[in-house]
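Return a 3D structure for these sequence lines:
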Amino acid sequence: MNDREVLLDRLAAGRDELAAAVEGMTDAQAAAPPAGGGWSALQCVEHVATVETRLLRRMQADSTVMEAEMSREREPVLYEMIAARGRKVEAPEAVHPTGRYADLREALAGFLTARERCMRWVGACEWDLRCRSVEHPAFGAVSTHEMVLIVAAHAARHARQIVEGRSAA
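Numbers count the residues shown, from 1 in each chain. Presented below is the predicted three-dimensional model:
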């Protein structure tokens, strides 16, 4: 499997994990905050769709060519760190949920559309994603390859958050 296929596989896995996390939820269940506090499933899906759209736009418009690759050693660490739920992370205000979607179906459709755009771009992009740099709001300069991993892991992280919230109910 080449690097691009690995990225597409990670993106597909994150998409599937998020869709599975909300499968069978009613709109009332999706809108209810979890017992332990935090965002509802609906808010999580809205947040992921918003972040995904913004990060894809950033990769497409704001990445710059680097003379040399960043270390590949941090790629799996970065993915696992973001996907794991062991440490709470406060999202920037600009990507907090605002009630943009009327219901879970609409929010999931927004996420799936954003993920499809990202996957199409990754599949068609002719750049060497490891030789371009882009700014991430929390991590600073990352390779565009790493940014795609961040996008994939972010959906997985929130899928796990939703599952945790369902288990606590």
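
contacts, neighbours, all on C-alpha from now
Will do.

what about W127, which SS state?
coil (DSSP: H, G, I helix; E, B strand; the rest coil).

Any figure for the gap between it and M59?
Going from W127 to M59 by CA to CA, to the nearest Å gives 11 Å.

of those two, who's got more company?
M59 (23 against 11; other CA atoms under 10 Å).

Please enumerate residues in contact with stretch 112-125?
For stretch 112-125, contacts defined as CA atoms under 8 Å, 6 or more residues apart in numbering pick out 4, 7-8, 11, 15, 49, 52-53, 56.

Max pairwise distance over the residues you listed: which two?
Across those, the longest distance by CA to CA is 21.8 Å; it joins R4 and A49.

Look at those two and report which has more neighbours.
Set R4 next to A49 and count neighbours by other CA under 10 Å: A49 wins out with 23 against 16.

and that one, what helix or strand is that in?
For A49, the host element (DSSP states H and E) is helix 41-62.

quick check: mean pLDDT across the helix or strand following that helix?
Once helix 41-62 ends, the next helix or strand along the chain (criterion: DSSP H and E) is strand 64-65. For strand 64-65, mean pLDDT rounds to 94.

Partner strands of strand 64-65 and their direction?
strand 132-136 (antiparallel) (DSSP bridges).

Check which element follows the helix or strand bottoming out on mean pLDDT in the chain along the chain.
Least confident helix or strand of the chain, by mean pLDDT, DSSP states H and E, is helix 74-83 with a mean of 90. Later in the chain than helix 74-83, the nearest helix or strand by DSSP H and E is helix 104-124.

Buried residues, that next one. List them.
For helix 104-124, burial by neighbour count (16 or more other CA atoms under 10 Å) applies to 104-105, 107-112, 114-115, 118-119, 122.

again, but for stretch 74-86
So stretch 74-86, judged by 16+ other CA under 10 Å, has buried residues 75, 78-84.

Need those in JSON lines (columns: distance to G24).
Listed next are the buried residues of stretch 74-86 as JSON lines, based on distance: CA to CA, whole Å:
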{"residue": "E75", "distance to G24": "33"}
{"residue": "L78", "distance to G24": "31"}
{"residue": "Y79", "distance to G24": "28"}
{"residue": "E80", "distance to G24": "27"}
{"residue": "M81", "distance to G24": "28"}
{"residue": "I82", "distance to G24": "26"}
{"residue": "A83", "distance to G24": "23"}
{"residue": "A84", "distance to G24": "24"}
